[in-house]
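Q: Kindly generate the corresponding structure for this input.
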Amino acid sequence: MKLLEYYRDGLIEEEHYGFITVKTPTETKHIGEDNGYPFFLRSCAKPLQASLLCDYGLDRELSLEQIAVCCASHAGEQCHVMVVRSVLEKFGLSEKMLQCGEHEPVSFSAQKELILKGEKAGQIHNNCSGKHAMMLALCKKNGWSLDNYYELEHPLQQSIKSKINDLCEVTEIYPITTDGCGVPIFSMPLENILKGYLNLFFDDKYVKIKEAFQNCPYLIGGENRLDTAVMMKNPHLISKVGAGGLCVVVNLEEKSAFVVKIADCDMRARAICVIKLLKDFGWIKEETDFMKIQNSTDILTIKGLKVGEVKACF
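A: Okay, here's the model as predicted:
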């Protein structure tokens, strides 16, 4: 379904299509007929993967900050890097054991900081390094191999697969691929993603994960990150973005949730749709400056002159 139109002087210059699913205690609504098509979870899987911290008791050994970075798609800022290192040190692990790959921090400020220091980005700056540190910690705790923890047939990944299917109430077989950071990632219909989040965040067994999101929203994302912006505005909201145009938001007060999937994976389109839904549902009243950065519905010239606007079609 068409979700957004970009206008300049009355002409549509750009369009974005996608799907939205909303789940409340009494009903499920779909904007756009996805017909149960499965989408890869990408980084929206992270809190579901992190549920194993609670299953194996590691949540009792970690601070909320450390649990948060295990669930994060962090921006690679110093605050993120320090906490990831603390997780590794806690379990006698090292950065060289990470298998997520090196890339520049998502944060432009963090990129500039590295340049000024004359330092290169490493695997620790990868936005998935917290998840990988968690995976290594789980392997260390259970006596599983540390060398190939990223392989689908590894006991860790099989445990994650079983847990995600359980939380998301998945009963069919859907495609599995390798995520950008090198670990298996699973697919399922959007409604099942919401089931997984609601089952996770309303189960007292996983209360530490909920508290980590509520108390450490900046560690979940960081500079100019949509999920961080949403959670910093309303402490009763849990939000997690994923590559591929995904964003999940859970309202802890209303026991409701929605997921947005932008077909062409455009991050600006994703943010505009998410913030419109938050306003429509009354989950936020006014945007913070942090959120306004995400919700740029004006089309501007480089000098800041408005020459068009983005309009929602739903």
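Q: mind listing what residue 116 touches?
A: Listed by Cβ atoms under 8 Å, 6 or more residues apart in numbering, residue 116 has no contact partners. Every residue, glycine included, has its C-beta placed from N, CA and C.
Q: Doesn't it belong to a helix?
A: Yes - Residue 116: assigned to a helix according to DSSP: H, G, I helix; E, B strand; the rest coil.
Q: I'd like to know how far it sits from residue 84.
A: Distance, residue 116 to residue 84, by Cβ to Cβ, to the nearest Å: 21 Å.
Q: Residue 293 reaches residue 229, doesn't it?
A: Yes - taking Cβ atoms under 8 Å as the definition, residue 293 is a contact partner of residue 229 at 7.4 Å.
Q: what about the two, which has more around it?
A: The residue with more neighbours, out of residue 293 and residue 229, is residue 229; 25 against 15, by other Cβ atoms under 10 Å.
Q: Secondary structure element for that one, which one?
A: Under the criterion of DSSP states H and E, residue 229 resides in helix 226-233.
Q: contact partners of that helix?
A: So helix 226-233 is contacted by 73, 213-214, 217-218, 220-222, 237-241, 247, 249, 267, 270-271, 274-275, 278, 284, 287-288, 290-291, 293-294 (Cβ under 8 Å, 6+ apart).
Q: Residue 15 against residue 6, yeah?
A: Yes - shown here, residue 15 and residue 6 form a contact pair, counting by Cβ under 8 Å, at 7.2 Å.
Q: Which one of these two is surrounded by more residues?
A: For residue 15 versus residue 6, neighbours defined as other Cβ under 10 Å are more numerous around residue 6 (19 against 13).
Q: Surely the more buried one is in a strand?
A: Yes - judged by three-state DSSP, residue 6 forms part of a strand.
Q: what's near enough to touch it?
A: So residue 6 contacts 12-15, 299, 308-311 (Cβ under 8 Å, 6+ apart).
Q: now the closest residue to it other than its chain neighbours, what's its secondary structure?
A: Nearest non-adjacent residue to residue 6, counting by Cβ to Cβ, 6 or more residues apart in numbering: residue 14, 3.6 Å away. Following three-state DSSP, we place residue 14 in the strand state.
Q: i'd like the first residue to be 45 from this point on
A: Okay, using 45 as the starting number, the last item reads as residue 58.
Q: Tell me how many other residues surround residue 58.
A: 15.
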